[in-house]
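S.K.: Here is my input, please return the structure:
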Amino acid sequence: MSLVKKLAGETVLYGLSSIIGRLLNMLLVPFYTRVLNTTNDYGAVIDLYATSAFIMVFFSYRMESAFFRYGTPADDRNRAFGSGMVSLLVSTAIITLLLMVFAQPVADLLEYPQHPEYIRWFTLILAFDCLAELPFARLRLEQRPRRFVAIKLINIGVNIGMNLFWLVFCPWAAKHGMNWVHAVWAPGLGVGYIFLSNLLASIVTLVMLSPQLRGLRGTFDRALWSKMILYAAPLIIVSLAGIANEMFSRSMLKYLLPGTPQENLGQVGIFGANYKLAALITLFTQAYRYAAEPFFFRHAADTDAMKTQAQVTKWFTITSAAGMLAILLFLDIVKHFIAPKYWGGLHVVPVLLAANLLLGVYYNFSIWYRLKDRTALGAWISVIGALITILLNIFLIPTYGYTGASWVTLICYLFMSGATWYTGQKHYPVPYEMGRMLLYLALVLGLWGLELAVQPLLADMPVLLWAIRATLMLVFCRVVYLLEISKRADSAAVAA
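M.R.: Next comes the predicted model:
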């Protein structure tokens, strides 16, 4: 349990940048859904960020995971970092040049023929973000979460600050006769300022990470680089498949729904806004992943490593289940994060919450094939998951729209988490408490079902309804206490 507590402490530190940062970015959702004129405008934001997630894989090709694998021994860290960083510098320069030259054809392909500048801006964003990944990974491996957190929060602050400046202050200043703003702002650019804000934040971040980039000369090791590439290659497939599972529906809605791509962007915007609500459950997941990946590599040789991983996964499931229940019980409050014109998609939030919880469980199960250098097997599971996503989306979206897409996401993550657990039990048998984990998930669904049953009866008594919801939340916490904390304390007392 001491290692679990240590991981929890690191997760809290990383959470300052991840959870707080994502909450701040979440505040941009109500901002965007109200400032942008139509759901189509927000749909363009969702669409382009989904597309950029695919391209980012080709920029970074999972070099940070290879660095964790070969840079964990302190003696090899500089060589692994230098080899990976030089590789990324060269490849990033080549990809950036190609996308800059062919920005117009790419814009035509993505149905933004009037805005090739969007492609150029996103290319630069991805380039700067890619070059920042390995320095961030080194901070994580060297257990320097405070510097990691500080830089991440500054990145978020710059991004939000520039959004507010361009989308709120400049229109207000122009309306009040401050003509100087026209030197830095054009009223017709609109959505483009969201992308420019991100670009400036990415530039500032890389500048702040520049101390980690010193001393690269002479650290490139070709033999080590070859091992890193071979290790990372299957993970590229894993990443592409994972992004397909998460982003394919958002990217394909504009093509698969009836109507023109520009008309369908409104549906993309509604689905994307509600996906953001469901993504609240991933705030903890992201912070946890920052701490967990290097943590498991550092302690892989411990005699009780598998037992530790089982405990960590159980507590991760408990925490995620509690977050899911809180969102489900208080969805009528949470929904105000997005503008009312997006509420038509609220019915997909429960499905996406369950999908995101399973995604987090999958991250825990999947650590085994990285520890055991069986990334090719992980790639096969991800590819099958991606095929499920692609085929089912093509079949369901034309008829059921984004509702079908949400169910496809759940089905995919259910398969991937199950397949990864099953193969892991054969090759790296971690003693997961599957019965206990499934019990907590069933408890969430049961308590939510009870709330749905009493909700119509108390429609005219909102205070009493909220009290019942709070009570149901406390019931979940009480069950966790009785089964996990009180029972453990009793066992320790008996042992003493």
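S.K.: Now the residue lying closest to Lys314 once chain neighbours are set aside. Its backbone dihedrals?
M.R.: The spatial neighbour of Lys314 that comes closest, neighbours along the chain excluded (C-beta to C-beta, 6 or more residues apart in numbering), is Glu433 at 5.2 Å. No exception for glycine: its C-beta is placed from N, CA and C like everyone else's. Backbone torsions of Glu433, given as degrees, to the nearest 10, read phi -90, psi 70.
S.K.: I'd say Glu433 and Phe316 touch.
M.R.: No. Between Glu433 and Phe316 there is no contact under C-beta atoms under 8 Å: 11.8 Å.
S.K.: For these two, indicate the residue with more neighbours.
M.R.: Phe316 (23 against 14; other C-beta atoms under 10 Å).
S.K.: ok, the more buried one - contacts?
M.R.: Contact analysis of Phe316 by C-beta atoms under 8 Å, 6 or more residues apart in numbering lists 285, 288, 360-361, 364.
S.K.: If we use 6 Å, what do you get?
M.R.: In this structure, Phe316 makes contact with Asn364, judged by C-beta atoms under 6 Å, 6 or more residues apart in numbering.
S.K.: Enumerate the positions of the helix or strand harbouring it that are buried.
M.R.: Assessed by DSSP states H and E, Phe316 sits inside helix 305-329. Residues 305-306, 308-329 are the ones in helix 305-329 that count as buried (16 or more other C-beta atoms under 10 Å).
S.K.: And Ala233, how far from Val181?
M.R.: As judged by C-beta to C-beta, to the nearest Å, Ala233 and Val181 stand 49 Å apart.
S.K.: quick one on the thing from earlier: beyond the helix holding Phe316, next helix or strand please.
M.R.: Counting by DSSP H and E, what follows helix 305-329 is helix 331-334.
S.K.: if we can go back for a sec, you'd agree the residue nearest to Lys314 is up against Thr313?
M.R.: No. The pair Glu433 / Thr313 is not scored as a contact, 8.3 Å apart, by C-beta atoms under 6 Å.
S.K.: Give me the contacts around stretch 249-267.
M.R.: Applying C-beta under 6 Å, 6+ apart, the external contacts of stretch 249-267 come out as 39-40, 43-44, 46, 50-51, 111, 268, 272, 393, 397-398, 405.
S.K.: what distance separates the start and the end of that stretch?
M.R.: One end of stretch 249-267 sits 11 Å from the other (C-alpha to C-alpha, to the nearest Å).
S.K.: If you count neighbours, what's buried in it?
M.R.: Buried, per 16+ other C-beta under 10 Å, within stretch 249-267: 249-254, 256-257, 261, 264-267.
S.K.: ok, so of those residues, who is nearest Met63?
M.R.: Among the buried residues of stretch 249-267, Ser251 lies closest to Met63 (C-beta to C-beta), at 24.4 Å.
S.K.: Following the chain onward from the helix or strand Tyr70 falls within, which element is next?
M.R.: According to DSSP H and E, Tyr70 maps onto helix 63-71. Next along the chain after helix 63-71, taking DSSP H and E as the criterion, comes helix 77-101.
S.K.: Tell me which other helices or strands that next one touches.
M.R.: On a contact count with 3 or more C-beta pairs under 6 Å, 6 or more residues apart in numbering; DSSP states H and E, helix 77-101 meets helix 63-71, helix 116-141, helix 222-256.
S.K.: swap the cut-off to 8 Å and go again
M.R.: Packing partners of helix 77-101 (3 or more C-beta pairs under 8 Å, 6 or more residues apart in numbering; DSSP states H and E): helix 39-60, helix 63-71, helix 116-141, helix 222-256.
S.K.: and Gly15, what pLDDT?
M.R.: pLDDT recorded at Gly15 is 54.
S.K.: do the one 5 residues further on as well
M.R.: Per-residue confidence (pLDDT) for Ile20: 65.
S.K.: got it, and the one 4 residues further on?
M.R.: Among the per-residue scores, Leu24 holds a pLDDT of 66.
S.K.: on that earlier part again, adding neighbour count, pLDDT and distance to His176, write the contacts of stretch 249-267 out as a markdown table.
M.R.: Formatted as a markdown table, those follow (neighbours: other C-beta atoms under 10 Å; pLDDT from 0 to 100; distance: C-beta to C-beta, whole Å):
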| residue | neighbour count | pLDDT | distance to His176 |
| --- | --- | --- | --- |
| Thr39 | 24 | 81 | 29 |
| Asn40 | 19 | 82 | 29 |
| Gly43 | 27 | 87 | 31 |
| Ala44 | 28 | 85 | 29 |
| Ile46 | 25 | 85 | 32 |
| Ala50 | 21 | 85 | 37 |
| Thr51 | 19 | 88 | 37 |
| Glu111 | 16 | 86 | 37 |
| Val268 | 27 | 88 | 35 |
| Gly272 | 29 | 87 | 33 |
| Asn393 | 22 | 92 | 47 |
| Ile397 | 23 | 92 | 46 |
| Pro398 | 12 | 91 | 48 |
| Ala405 | 26 | 92 | 44 |
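S.K.: Make a markdown table from the residues you listed and add distance to Ile119 to it.
M.R.: Shown next, in a markdown table, are the contacts of stretch 249-267 (distance: C-beta to C-beta, whole Å):
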| residue | distance to Ile119 |
| --- | --- |
| Thr39 | 23 |
| Asn40 | 19 |
| Gly43 | 17 |
| Ala44 | 13 |
| Ile46 | 17 |
| Ala50 | 14 |
| Thr51 | 10 |
| Glu111 | 12 |
| Val268 | 18 |
| Gly272 | 20 |
| Asn393 | 24 |
| Ile397 | 25 |
| Pro398 | 28 |
| Ala405 | 25 |
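S.K.: Show me which helix runs longest in the protein.
M.R.: The longest helix of the chain (DSSP state H) is helix 375-427.
S.K.: Could you pull up the residues touching the residue nearest to Ile367 when sequence neighbours are not counted?
M.R.: Sequence neighbours aside, Phe296 is the residue nearest to Ile367 in space, at 5.1 Å (criterion: C-beta to C-beta, 6+ apart). With contact set as C-beta under 8 Å, 6+ apart, Phe296 has these partners: 305, 309, 367, 371.
S.K.: How about Leu199?
M.R.: 121, 124-125, 128.
S.K.: same question, Met247
M.R.: Contacts of Met247 by C-beta under 8 Å, 6+ apart are 50-51, 53-54.
S.K.: Quick check on Ala470: phi, psi?
M.R.: phi -60, psi -40.
S.K.: what's the burial count for it?
M.R.: Counted with other C-beta under 10 Å, residues neighbouring Ala470 total 13.
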